[in-house]
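missing the sequence, but the structure's below:
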């Protein structure tokens, strides 16, 4: 076996490869489960940032415009949706005159 593994002796026949050592294949273990954020923790982290963005949009028309454009970016052609976002901005005290 040792002679085959060190290639001092060359095996012949169909089954000779069975006596060779397996190639060293390193497999990345991946990201540990404990580091994956849960959907709940993602919302917990998002909420303060969203609150800060709303508070800034209440004071700054440029921020209000950016927040509005971000929210309606994918549904800009749906006028009913855009109007509901405008209504929500009004309910939150964000000026809609921008």
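All right, it came through fine. Nothing here was measured: the structure is a model prediction, and the numbers come from that model. Numbers count the residues shown, from 1 in each chain.

I'd like to check what contacts whichever helix or strand residue 68 is part of. Which residues are they?
According to DSSP states H and E, residue 68 maps onto helix 61-72. Residues outside helix 61-72 that contact it (C-beta atoms under 8 Å, 6 or more residues apart in numbering): 53-54, 56-58, 81-82, 85-86, 89, 94-98. C-beta: built from backbone N, CA, C; applies to glycine.

Which entry within those corresponds to the minimum pLDDT?
The member of those with the lowest pLDDT is residue 98, at 68.

Which residues outside the longest helix along the chain are in contact with it?
When the chain is scanned for its longest helix (criterion: DSSP state H), the result is helix 39-59. With contact meaning C-beta under 8 Å, 6+ apart, helix 39-59 is reached by 37, 63-64, 66-67, 89, 92-95.

Please, a ChimeraX command that selects the buried ones among those residues?
In ChimeraX, a selection of the buried entries from these looks like this (16 or more other C-beta atoms under 10 Å):
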select :63,64,67,89,94
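
Could you save the contacts of helix 39-59 as TSV and add columns showing distance to residue 10?
Formatted as TSV, the contacts of helix 39-59 follow (distance: C-beta to C-beta, whole Å):
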residue	distance to residue 10
37	54
63	74
64	77
66	70
67	72
89	78
92	78
93	83
94	79
95	83
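
for the protein, which spans come out with low pLDDT?
Applying pLDDT under 70 to the chain picks out residues 4, 31-37, 98.

one more time with 80
For the chain, the stretches with pLDDT under 80 are 1-11, 16-41, 97-98.
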